[in-house]
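Participant: quick one, what's the 3D model for this:
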Amino acid sequence: MTELTVLAPDGVGEVRRGDDLAALLVDLVALADGDVVLVTSKVVSKAEGRVVAGTREEALPGQTARVVARRGPTRIVRTHHGLTLAAAGVDASNVAAGEVVLLPLDPDGSARGLRARLRELTGRNVAIVVTDTAGRPWREGQTDIAVGAAGLRVLEDFAGRRDDYGNDLVVTAPAVADELAGAAELAQGKLGGRPFAVVRGRPDLVLPADDDGPGAVALVRPENTDMFGYGAREAVLHALRGDPAARTAFGAPASVAEMAEALAVLTGVEPEATDGKLTVAADHVSADAARALGFAHGWDVVTGHEDGLLRLQPVHP
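Facilitator: Numbering: from 1, shown residues only. Predicted structure coming up:
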């Protein structure tokens, strides 16, 4: 039997710039080796002086690497950390009117610092997770996720193992750092004033004291491998514009077979494949449509119209 307990202590009070988060926690909880300590990004940011004057709208541009999707006033953006969050994680709650809280500059670095400080104060080997709240595509509501981590096996890799029925596990990799963040939030609550939680019962996930691990950055999927780099409307717009700077979010070039299938869907005819290139009659598709389709698939129209044909080839680095 495995027993998991989550402790979220009361009595932390308002956190201000320069506060020692580790000292605040050890006054409230007796830590044990193998504990996972979770702390909200908001109090980390407050302690690190990431509270600024202004509104979310004013702070958003400086925290945005690029806009992923926009619907009315809501913007989903990729931050400079690589995180994809509504309003770049800029938060106007639980802060004085006229101020907002930005995410920590380096959440993994913040986690490493807190881990080292807790070991200094207690002698205990614990892991740290810095959490923030995020929505999910296709799902209502929000849950907490790990934006920073230290001393934790953030992913459990089951690839290469077999289940009890003899089936090979190929891509099973539970994001345990996110699962722990969600469990912690259940105990902390959004309005409880409990920014810390301690999860006890999974010491197997805690790394040795001299190993901080890869951090939560290991959970961020690289842009060129993400199938959802833009919202549906934004993807159409970027494909039609064809700005080379927008290519990365569409991923690696599609294979010849994938591109041929897309052209066939668009034109109703099978393109001719020769030497890694595709050719289609220009009277079946406009050059602009072929360019937009090619852009979204990592292909370029290289010649066309002179002989009544459009030729496409994959983009090469």
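
Participant: mind listing residues that contact the longest helix along the chain?
Facilitator: Across the chain, the longest stretch assigned as helix under DSSP state H is helix 107-122. Helix 107-122 is contacted from outside by 20-23, 25-26, 31, 37, 39, 41, 44, 48, 81, 104, 124-130, 147-151, 209, 212, 215-217, using Cβ atoms under 8 Å, 6 or more residues apart in numbering. All C-beta spots, glycine's among them, are computed from the backbone N, C-alpha and C.

Participant: which residues does L205 contact?
Facilitator: Going by Cβ under 8 Å, 6+ apart, L205 touches V36, A127, L152, R153, E156, V176, L180.

Participant: redo that, cut-off 10 Å
Facilitator: Applying Cβ atoms under 10 Å, 6 or more residues apart in numbering, we find L205 in contact with 34, 36, 127, 151-154, 156, 176-177, 180, 199, 213.

Participant: looking at the contacts of helix 107-122, which are in helices?
Facilitator: In this view, the contacts of helix 107-122 that belong to helices under DSSP H are L21, A22, A23, L25, V26, S41, V44.

Participant: which one of those residues is nearest to A257?
Facilitator: Distance to A257, by Cβ to Cβ, is smallest for S41 among those, at 43.3 Å.

Participant: excluding covalently adjacent residues, which one is nearest to that closest one?
Facilitator: D132 (4.4 Å; Cβ to Cβ, 6 or more residues apart in numbering).

Participant: measure how far the worst-scoring helix or strand of the chain on mean pLDDT is from the centre of its chain, please.
Facilitator: When the helices and strands of the chain are compared on mean pLDDT, DSSP states H and E, strand 299-304 comes out lowest with a mean of 86. In terms of Cα atoms, centre = their mean, to the nearest Å, the centre of strand 299-304 is found 34 Å from the chain centre.

Participant: report the strands that pair with the following helix or strand past that strand, each with its relative direction.
Facilitator: Remark: after strand 299-304, the chain's next helix or strand is strand 309-314, criterion DSSP states H and E. Strand pairing for strand 309-314, using DSSP bridges, gives strand 277-281 (antiparallel), strand 299-304 (antiparallel).

Participant: show me which positions of strand 309-314 end up buried.
Facilitator: For strand 309-314, the neighbour count (16 or more other Cβ atoms under 10 Å) marks L309, L310, R311, L312, Q313, P314 as buried.

Participant: what average pLDDT does that strand get?
Facilitator: Mean per-residue pLDDT for strand 309-314: 93.

Participant: could you check how far that strand is from the centre of its chain?
Facilitator: Relative to its chain's centre, strand 309-314 lies at 35 Å (Cα atoms, centre = their mean).

Participant: tell me the contacts of the residue lying closest to T303 once chain neighbours are set aside?
Facilitator: In space, and not counting its chain neighbours, T303 is closest to R311: 4.7 Å by Cβ to Cβ, 6+ apart. Residues in contact with R311, defined by Cβ under 10 Å, 6+ apart, are 271-272, 274, 277-280, 290, 300-304.

Participant: try R202
Facilitator: T2, L4, G34, D35, V36, A127, L152, R153, V176, E179, L180, A183.
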